[in-house]
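> let's see this in three dimensions:
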Amino acid sequence: MKARGFRHALIGEQFGAWTVFDGPARRPSKAGYQATWWRCRCKCGVEREVEQSALLGHGSRSCGCQSKRYRHPATTAERNREIATLSATGMTTIAIASVVGLSHQRVSQILRSAKRAAGGAR
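Sure thing, here's the model as predicted:
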């Protein structure tokens, strides 16, 4: 079986919510160096060129629709309950942060707020 060339190496691959459907193209990055760009389609339907290093290095996971989803108050309350449940199992804040996709400082802040709210309710 003949090996596939670099041109098709990432086509069809998924990176977070992105699916690569065309590319690659060589052009300067925002930092000024030559970069490889791929045409990607987000789960929400947005199409955009994404730099290869952002795809492979986990720098870009979606067009932004995924982070907007977590800003919704109902989703935020649900996420905070999930953090509290994981904390009750004995997981560290760093482990919880990797599960829910937040910084460990933010997870610590949420847990402190939850403790204050629980202490104030007694």
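
> which residues of this structure fall in helices?
Counting by DSSP state H, the chain has these helices, from start to end: 52-56, 65-69, 73-88, 93-100, 104-120.

> pLDDT weak spots in the protein?
1-8, 67-74, 120-122 (pLDDT under 70).

> Throw the helices of the chain into TSV and include distance to I11, thanks.
Glycine gets a C-beta too; all of them are placed from N, C-alpha and C. Putting those into TSV (distance: least, Cβ to Cβ, whole Å) gives the following:
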stretch	distance to I11
helix 52-56	12
helix 65-69	22
helix 73-88	32
helix 93-100	29
helix 104-120	35
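
> in a markdown table: those helices, plus mean neighbour count.
Output for those, formatted as a markdown table (neighbours: other Cβ atoms under 10 Å):
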| stretch | mean neighbour count |
| --- | --- |
| helix 52-56 | 17 |
| helix 65-69 | 12 |
| helix 73-88 | 13 |
| helix 93-100 | 16 |
| helix 104-120 | 13 |
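
> out of those helices, flag the one nearest C44.
helix 65-69 (4.3 Å; Cβ to Cβ).

> show me what contacts the nearest residue to A97 once chain neighbours are set aside?
Closest residue to A97 apart from its sequence neighbours, by Cβ to Cβ, 6 or more residues apart in numbering: H104 at 4.2 Å. For H104, the contact set (Cβ atoms under 8 Å, 6 or more residues apart in numbering) comprises 93-94, 96-97.
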